[in-house]
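Student: fold the following.
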Amino acid sequence: MCGADGTPLRAWSNDGDGVPVLLCNGLGAPPAAWPGIVDRDSGFRVVSWAHRGLAGSERPADRARVRVEDHAEDARAVLDAFDLPSATVVGWSLGVNVAFELAVEEPSRVRSLLAVAGVPGGSFSAMFAPYGVPRRLRAPAGRLSSRLLPVVGPLLPVLVASLPPWHELLTPAGARGPAREATHPAALYHVLHEFSRHDWRWYRHLALAVAEHAPLDVAAVDCPVTFVAGRYDTLVDTADVRAAARAVPGARLRTLAGTHFVPLQYPEVMLEELRALVAREPARP
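Tutor: Numbering: from 1, shown residues only. Presented below is the predicted three-dimensional model:
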């Protein structure tokens, strides 16, 4: 399939039956990051795609076409490719930006929204809060970290994002959070393997584009919304997630003893929250 600008994209479906779900994944993450939800017998028909220039999708002819708005256009194209007028939308990390962009610009296509470990815009200002980085320094620190991606190696950023701050590692909750990833070793291995294969100079280009996505006005979002945050997330400040949940009328917020990788750490909770969210949707025609 192709995006609105003609960029060839690699789309994916779990070939399941049931409620249609559009998965707006984390940047460069495979569907395997969502064990349970993407299973064929999960009760959901999940569709997704690989981001521009990653995992089988081609780079756009115009290198500038990698903004969050461009990813939202790709999300629309995926819905069209699978003949879905609307869907329940799940977003993780960058995918939360994309999901809310779609919900704001074309609300008729979003029946409800599960936002996991992400905020609707202004993502770089939400980074590194557990390390005590002042807010005014977070965006510059995020840009610097993104520019260093090809230098520090493909797996280091992923591993850092999957661990709580060092002073929390020895607490019972901190130990339990990351330890949950080990309960799905095959999924964790697949995610890490996919990340290791990325062209990290291109990945850096995509990550820096996320920094330009300004906070969205989400007060007009009127579909059911659930936010899920990880207490030990080094990439997203739980205070920012809490503020976003307050800004969306009727939104639900759940905070877990997890890191940025809560979909891998709490797959059963993701299923539970998604089912509860679908139950809050208006009746389907």
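Student: low-confidence stretches in the stretch 151-285 of the chain?
Tutor: Scanning the stretch 151-285 of the chain for pLDDT under 70 picks out 151-185, 284-285.
Student: which residues in it form strands?
Tutor: For the stretch 151-285 of the chain, the strands defined by DSSP state E, counting those that start in this stretch occupy 225-230, 252-256.
Student: so which bits of the last one are buried?
Tutor: By neighbour count on 16 or more other Cβ atoms under 10 Å, the buried set for strand 252-256 is 252-256. Every residue, glycine included, has its C-beta placed from N, CA and C.
Student: dump the strands of the stretch 151-285 of the chain to TSV, plus distance to residue 51.
Tutor: Supplementary listing: the strands of the stretch 151-285 of the chain in TSV, determined by distance: least, Cβ to Cβ, whole Å:
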stretch	distance to residue 51
strand 225-230	21
strand 252-256	25
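Student: partners of the residue most central in space within the chain in the sheet?
Tutor: Central residue of the chain (Cα atoms, centre = their mean): residue 92, 1.7 Å from the mean position. When assigned by DSSP bridges, residue 92 has beta-bridge partners residue 116.
Student: who are the contact partners of it?
Tutor: Residues in contact with residue 92 (Cβ atoms under 8 Å, 6 or more residues apart in numbering) are 24-26, 29, 33-34, 116-118, 263.
Student: now, which of the residues you listed lie within helices?
Tutor: Secondary structure defined by DSSP state H assigns residue 263 of the contacts of residue 92 to helices.
Student: which of the contacts of residue 92 has the most neighbours?
Tutor: residue 116 (33 neighbours; other Cβ atoms under 10 Å).
Student: about what we covered before: what's the closest of the buried residues of strand 252-256 to residue 110?
Tutor: Comparing the buried residues of strand 252-256 against residue 110 with Cβ to Cβ places residue 252 closest, at 15.8 Å.
Student: quick check: bridge partners of that closest one?
Tutor: Going by DSSP bridges, residue 252 forms beta bridges with residue 226.
Student: and the one 4 residues further on, by the same measure?
Tutor: Applying DSSP bridges to residue 256 gives these bridge partners: residue 230.
Student: how close does it sit to residue 278?
Tutor: 20 Å (Cβ to Cβ, to the nearest Å).
Student: repeat for residue 99
Tutor: Taken as Cβ to Cβ, the span from residue 99 to residue 278 is 15 Å.
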